[in-house]
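# Generate a structure from the sequence data that follows.
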Amino acid sequence: RCIIHQLRNSFKYVSYKDKKEFARDFKAVYTAINEEAAYEALGELEEKWNSKYPFAIKSWDMNWDVLSPFFKYPNEIRTIMYTTNIIESLHRQFRKVTKTKSVFPSDQSLEKMLYLASQNVMKKWSRRYKN
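Below you'll find the predicted structure:
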């Protein structure tokens with residue numbers, strides 16, 4: 001459950017005409033300085049939009065215990081953590097190399113295969129981030 005997927009889930013319940021305003025209001029939640037400020041911003045968002053789009057905010061309330069650790073990190077780290085796409089991509093590469101072999105002779109051979117796959121994947125990780 002990453003922030004981007006959580007946002008996409010929320011936006012699918014919002015009408016197109018309200019989407020820009022809703023997104024602007026929601027930005028206060030995921031760009032908050034800490035968890036308390038984010039939860040307060042979520043409460044304000046809920047007061048404003050809950051009557052019109054209750055399902056858009058409900059998933060944030062239900063998953064807050066999983067989403068809240070995100071706010072413990074500095075903003076520079078959060079920009080990297082907004083999405084789990086990197087992890088999903090790594091898992092896709094692991095499935096790609098393991099699906100062709102149905103049985104491995106030992107656990108160590110599987111570990112070696114995954115290690116080599118991870119080395120190949122890390123070569124593609126060349127994006128630079130500020131700070």
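
# Specify the residue positioned farthest from the middle of this protein.
When distances are taken from the C-alpha mean of the chain, Pro105 lies farthest, 35.7 Å away, according to Cα atoms, centre = their mean.

# Can you report phi and psi for it?
Note on Pro105: backbone dihedrals following degrees, to the nearest 10 are phi -60, psi -30.

# mind listing what it touches?
In this structure, Pro105 makes contact with no residue, judged by Cβ atoms under 8 Å, 6 or more residues apart in numbering. Any C-beta I mention is one placed from the backbone N, CA and C, and that applies to glycine too.

# Which helix or strand contains Ser102?
Assigning secondary structure by DSSP states H and E places Ser102 outside every helix and strand.

# which residue packs closest to Lys101, ignoring adjacent ones?
Met113 (7.5 Å; Cβ to Cβ, 6 or more residues apart in numbering).

# residue contacts, the one you found?
Val97, Thr98, Lys101, Phe104.

# now could you export just the CA positions of whichever strand or helix holds it as PDB?
When secondary structure is defined using DSSP H and E, the element that contains Met113 is helix 107-122. Coordinates of each C-alpha in helix 107-122 appear next as PDB, following Å, rounded to 0.1, in the frame of the first residue of the first chain:
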ATOM      1  CA  ASP A 107      17.800 -23.500  -1.800                       C
ATOM      2  CA  GLN A 108      21.200 -22.200  -2.400                       C
ATOM      3  CA  SER A 109      20.800 -22.500  -6.200                       C
ATOM      4  CA  LEU A 110      17.600 -20.400  -5.900                       C
ATOM      5  CA  GLU A 111      19.400 -17.800  -3.800                       C
ATOM      6  CA  LYS A 112      22.100 -17.600  -6.400                       C
ATOM      7  CA  MET A 113      19.600 -17.100  -9.200                       C
ATOM      8  CA  LEU A 114      17.800 -14.400  -7.300                       C
ATOM      9  CA  TYR A 115      21.100 -12.700  -6.400                       C
ATOM     10  CA  LEU A 116      22.200 -12.600 -10.000                       C
ATOM     11  CA  ALA A 117      18.800 -11.300 -11.100                       C
ATOM     12  CA  SER A 118      18.900  -8.500  -8.500                       C
ATOM     13  CA  GLN A 119      22.400  -7.500  -9.700                       C
ATOM     14  CA  ASN A 120      21.000  -7.200 -13.300                       C
ATOM     15  CA  VAL A 121      18.100  -5.200 -12.000                       C
ATOM     16  CA  MET A 122      20.200  -2.800 -10.000                       C
END
